[in-house]
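> could you look at this predicted model? Sequence included:
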Amino acid sequence: LAIAQTKTIDAASIIEPATRTLKTENGTNSDFRLRHLNRGDIEYVNSTWPYSTSKSIYKIQKQIEDDNSRGPRCCLGIEILQSEEKKEKEEPELVACILQYHNGALGMLHVDDKYRRLGLGAWLLSEATRILQEQGLPCFAFIMDNNKASESLFLKQGWVKEEPHGKKGTGRRRAKRKWIKAI
């Protein structure tokens, strides 16, 4: 008789929705909220992922569902709540996300073009990193060679390439490099 083990979700991995007011590129103030992703976010995540396929939506759904049921709760999103130009906005709109793959790697980090350079990617990465570190879990991600935006963000957050002198791929043969952050 096999007994299923269940993992309890550590309280440190549950974030309280946090709100920040930021000035957007057109000079208006907007309120953004960090929260855990849920089933309603699956299509958004799939539509923003450059490697999406007809089957990737199921992979994303499983990642979000597993993250919500077992933890460590690193599938996060940021939604815009209100802007000066749209005071009567009905539903918050998801504008950024990060997921944790089943192997433990962070990935699928995305910020909508309109909301880049506001620090939303840094907010997502720092919160996901905090959750993993507080649980004593390894922090790692894979970044394609020459993805300058991701490389720069991860460097600013204290991450490093695991093998900085590894052979780089070019063109269609670009390689994914493993990035780590010491616990």
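Structure received. Residues are numbered from 1 along each chain as shown.
> please count neighbours and contacts with C-alpha atoms only from this point.
Will do.
> let me see the mean pLDDT of stretch 70-79.
When pLDDT is averaged over stretch 70-79, the result is 88.
> pull the distance from it to the chain's centre.
Taking C-alpha atoms, centre = their mean, to the nearest Å, one finds the center of stretch 70-79 at 8 Å from the center of the full chain.
> what's the end-to-end length of that stretch?
End-to-end span of stretch 70-79 (C-alpha to C-alpha, to the nearest Å): 23 Å.
> after the helix or strand of the chain with the lowest mean pLDDT, heading C-terminal, what element do we hit next?
None of the helices or strands of the chain scores lower by mean pLDDT, DSSP states H and E than strand 18-23, at a mean of 67. Using DSSP states H and E, the helix or strand that directly follows strand 18-23 along the chain is strand 29-36.
> which neighbouring elements make contact with that next one?
In terms of contacts (3 or more C-alpha pairs under 8 Å, 6 or more residues apart in numbering; DSSP states H and E), strand 29-36 is packed against strand 18-23, strand 76-83.
> now the last one and strand 29-36, what's the angle there?
It stands for strand 76-83. Going by axes from the mean of the first three to the mean of the last three C-alpha atoms, to 10 degrees, strand 76-83 is angled at 150 degrees with respect to strand 29-36.
> and the pLDDT at Pro164?
78.
> tell me, how many residues neighbour it?
11 (other C-alpha atoms under 10 Å).
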